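**Q** The sequence and its predicted three-dimensional model are supplied below.
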Amino acid sequence: MTDIKLSDINVASYAPVVSPTNLKAALPLTGEDRERVAQYRNTVKAILDGDDPRLMVVVGPCSIHDTKAAIEYAEKLKALAPQVDDQLFLVMRAYFEKPRTTVGWKGLINDPDLDDSFNIEKGLHEARKLLIEITKIGLPLGTEALDPVTPQYLQDTITWSAIGARTTESQTHREMSSGLSSPIGFKNGTDGGLDVAVQAMQASAQPHAFLGIDPNGQVAVTQTLGNAYGHVVLRGGGGKPNYDSVSVAQAEARLTGAGLSSNIVVDCSHANSSKDPSIQPLVLDNVIHQRLDGNLAIKGVMLESHLNAGNQSLGNPADLAYGVSITDGCIDWATTEAALLKAAQQLRG
Ligand SMILES: O=C[C@H](O)[C@H](O)COP(=O)(O)O
Ligand SMILES: C=C(OP(=O)(O)O)C(=O)O
């Protein structure tokens with residue numbers, strides 16, 4: 001009876017993985033790239049503090065599955081930036097971890113070869129390599145912090161982080177957020193509920209102690225200081241959008257009532273576009289008008305955009321169309337560029 005198996009009954013295997021320190025040694029972020037990230041973060045903080053009047057725009061693919069297409073996208077975004085940067089601070093969406101409603105491809109880190117081979121070590125390398133390449137191109141980067149371990153590998157390259165609608169209520173994610181070095185946006189819940197995001201801001205602003213990993217990959221009691229730059233991301237939910245002026249005013253009142261800064265980012269995608277990507281420019285247009293009407297609580301917007309429009313199913317990776325999302329549908333580059341040029345022009349008055 002003593003050899004009865006009680007643990008790991010549902011675990012098939014373990015495989016050690018590179019430590020954060022060793023990955024960073026292999027793929028270092030150096031010199032002026034480090035200064036850039038620090039500067040980008042300061043800009044986002046200044047936007048959230050109301051000291052920089054520009055609108056932050058987190059824009060890019062729903063998920064990155066092809067690093068070549070991501071570089072091509074980054075080069076286009078970089079070329080657009082100087083045409084709008086008097087009004088818009090562009091941050092490229094670089095999402096490598098996808099939260100799934102049930103199951104599905106969980107992102108480039110989890111399965112970089114898109115074939116259920118789950119070469120997570122390769123995924124970490126590819127993600128970090130790409131983040132460094134895009135930093136060198138000269139763009140700030142935004143990502144979803146989903147797995148509580150991955151920030152140790154990537155966070156030094158990140159200007160803005162998000163906690164997704166499916167994890168905003170999770171204590172683990174609030175604890176992790178309290179130690180993240182970047183400002184952090186909390187999505188409202190998938191049911192549209194704002195309370196979880198407000199509570200996440202309250203929780204993550206405080207110090208926490210929890211089990212995490214240290215830079216050497218050692219499990220460690222992690223004590224954090226609290227993240228002062230939490231804010232809400234309105235993404236709609238429960239079958240309804242929440243980007244309209246009434247919903248935004250309600251969110252503002254809720255935040256102020258809780259003693260929090262009334263900083264709001266509007267996600268033009270997800271339930272705010274009923275997952276129809278072609279609606280995103282209309283949502284953006286509405287938000288720009290709210291800003292022009294004097295609503296300065298709206299500090300940013302998010303757009304899901306790729307080189308080409310729509311999305312495609314992930315079947316045989318060799319058959320995938322280039323530059324098309326394999327998760328949520330996106331607007332194409334031409335639509336993105338036109339929408340952002342228009343937004344900047346409108347904001348100039
Ligand atoms: O943003 C992407 C998706 O909306 C999110 O990952 C959930 O995807 P799913 O409902 O297709 O699993
Ligand atoms: C998963 C995402 O959004 P949400 O958490 O709002 O569904 C996303 O932005 O990729």
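**A** Sure, I can see it. Ligands and ions are numbered 1, 2, ... in the order given.
**Q** dump the residue contacts of the most centrally placed residue in the chain.
**A** What sits nearest the mean C-alpha location of the chain, by CA atoms, centre = their mean, is residue 143, with 3.1 Å. The contact partners of residue 143, by CB atoms under 8 Å, 6 or more residues apart in numbering, come to 93-97, 154, 158, 161-162. Where you see a C-beta, it was placed from the backbone N, CA and C, and this is true even at glycine.
**Q** And residue 178, by the same measure?
**A** Residues in contact with residue 178 (CB under 8 Å, 6+ apart) are 203-208, 224-227.
**Q** for the nearest residue to residue 278 once chain neighbours are set aside, what are its contacts?
**A** Excluding the flanking residues, the one nearest residue 278 by CB to CB, 6 or more residues apart in numbering is residue 331, at 6.8 Å. Residue 331 makes contact with 277-278, 280-281, 303-306, 309, 339 under the criterion CB under 8 Å, 6+ apart.
**Q** pLDDT score for residue 331?
**A** What the model reports as pLDDT for residue 331 is 98.
**Q** ok, it to ligand 1 distance?
**A** 14 Å (CB to the nearest ligand atom, to the nearest Å).
**Q** Who does that residue form a beta bridge with?
**A** Beta-bridge pairing for residue 331 (DSSP bridges): residue 305.
**Q** And what about residue 79, helix, strand or coil?
**A** For residue 79, the assignment made with DSSP: H, G, I helix; E, B strand; the rest coil gives helix.
**Q** end-to-end on stretch 59-76?
**A** In terms of CA to CA, to the nearest Å, the two terminal residues of stretch 59-76 are separated by 12 Å.
**Q** close to ligand 1, is it?
**A** Yes: in terms of CB under 6 Å from any ligand atom, part of stretch 59-76 sits within range of ligand 1, namely residue 62.
**Q** buried sites along that stretch?
**A** Within stretch 59-76, the residues scored as buried using 16 or more other CB atoms under 10 Å are 59-67, 69-70, 73-74, 76.
**Q** sorry, back to before: which of the contacts of residue 178 count as buried?
**A** With burial judged by 16+ other CB under 10 Å, the buried subset of those is 203-205, 208, 224, 227.
**Q** Would you convert the buried residues of stretch 59-76 into JSON lines that also reports distance to ligand 2 and secondary structure?
**A** Below are these laid out as JSON lines (distance: CB to the nearest ligand atom, whole Å; DSSP: H, G, I helix; E, B strand; the rest coil):
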{"residue": "59", "distance to ligand 2": "12", "secondary structure": "strand"}
{"residue": "60", "distance to ligand 2": "10", "secondary structure": "strand"}
{"residue": "61", "distance to ligand 2": "9", "secondary structure": "coil"}
{"residue": "62", "distance to ligand 2": "6", "secondary structure": "coil"}
{"residue": "63", "distance to ligand 2": "7", "secondary structure": "coil"}
{"residue": "64", "distance to ligand 2": "11", "secondary structure": "coil"}
{"residue": "65", "distance to ligand 2": "13", "secondary structure": "coil"}
{"residue": "66", "distance to ligand 2": "17", "secondary structure": "coil"}
{"residue": "67", "distance to ligand 2": "18", "secondary structure": "helix"}
{"residue": "69", "distance to ligand 2": "17", "secondary structure": "helix"}
{"residue": "70", "distance to ligand 2": "15", "secondary structure": "helix"}
{"residue": "73", "distance to ligand 2": "16", "secondary structure": "helix"}
{"residue": "74", "distance to ligand 2": "18", "secondary structure": "helix"}
{"residue": "76", "distance to ligand 2": "20", "secondary structure": "helix"}
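**Q** Redo these as CSV? Include pLDDT.
**A** Formatted as CSV, the buried residues of stretch 59-76 follow (pLDDT from 0 to 100):
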residue, pLDDT
59, 99
60, 98
61, 98
62, 98
63, 98
64, 98
65, 98
66, 98
67, 98
69, 98
70, 98
73, 99
74, 99
76, 98
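**Q** since we're on the residue of the chain found nearest ligand 2, how many residues are nearby?
**A** Closest approach of the chain to ligand 2 (CB to the nearest ligand atom) occurs at residue 164, with a separation of 3.0 Å. Using other CB atoms under 10 Å, residue 164 is surrounded by 22 other residues.
**Q** Skipping adjacent residues, who's closest to it in space?
**A** Residue 164 sits nearest to residue 99 (CB to CB, 6+ apart), 4.8 Å away.
**Q** Can you name the residues that contact that neighbour?
**A** The neighbourhood of residue 99, defined by CB under 8 Å, 6+ apart, consists of 144, 146, 164-167.
**Q** among these, which are in strands?
**A** residue 144 (DSSP state E).
**Q** which secondary structure elements does whichever strand or helix holds residue 153 contact?
**A** Assigned by DSSP states H and E, residue 153 belongs to helix 151-154. For helix 151-154, the packing partners by 3 or more CB pairs under 8 Å, 6 or more residues apart in numbering; DSSP states H and E come out as helix 20-26, helix 120-137.
**Q** ok, the closest residue to ligand 1 within the stretch 201-349 of the chain - contacts?
**A** The minimum distance from the stretch 201-349 of the chain to ligand 1, using CB to the nearest ligand atom, falls at residue 328 (4.5 Å). By CB under 8 Å, 6+ apart, residue 328 lies in contact with 62, 269-270, 275, 277, 304, 311.
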